[in-house]
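Asks: Requesting a structural model of the entry that follows:
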Amino acid sequence: MLAGRGARLKFIWDTHALIWGMEADPRLSSKAETIAGNQGNAISCISLWEIACLRHLGRLRFSIPIEQWLETAAERLQVLPITPAIAAAAYDLGPFHGDPADRIIAGTALVYGLPIVTVDKKLHECPKLECVWD
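Replies: From the prediction side, this is the model:
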């Protein structure tokens, strides 16, 4: 279960990692699980939007209403807004990733100087990003 509000920011979570952490999914790596129990975890607001989209498309199912699930996530982690600097940083990375949500998460990581908790290979392969998983 993810925790992390109220402390100096240390990590930003990719959307899939956020879902796995919130749902105690066994796909969450042991390192990510350890990070989840610590303070200083954040998400980009784009992850909340992405989760709502996936739920609407039927690709995610939760035992509680989507708004309640999103509120719970927002209560546990610091939600970072998209700023002009983040929007610019998302595309200063070049053609490494086609997913706009992942670009925003990457831009947020760069602007805040945070490692990304993610299994996403494309994010791991970007030399400008620090990513953690295993």
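
Asks: Pretty sure A101 sits against I43.
Replies: No: taking contacts as Cβ atoms under 8 Å, A101 lies outside contact range of I43: 11.1 Å. All C-beta spots, glycine's among them, are computed from the backbone N, C-alpha and C.

Asks: got the phi/psi numbers for L60?
Replies: Note on L60: backbone dihedrals following degrees, to the nearest 10 are phi -130, psi 150.

Asks: any idea how far it is from G40?
Replies: Summarising the geometry, the distance separating L60 from G40, computed by Cβ to Cβ, to the nearest Å, is 26 Å.

Asks: now swap in L110 and tell me
Replies: From L110 to G40 the distance is 17 Å (Cβ to Cβ).

Asks: now do K121
Replies: Applying Cβ to Cβ, the value for K121 to G40 is 25 Å.

Asks: Looking at these two, which one has more neighbours?
Replies: Summary of the neighbour comparison: K121 and G40, criterion other Cβ atoms under 10 Å, with G40 having more neighbours (18 against 10).
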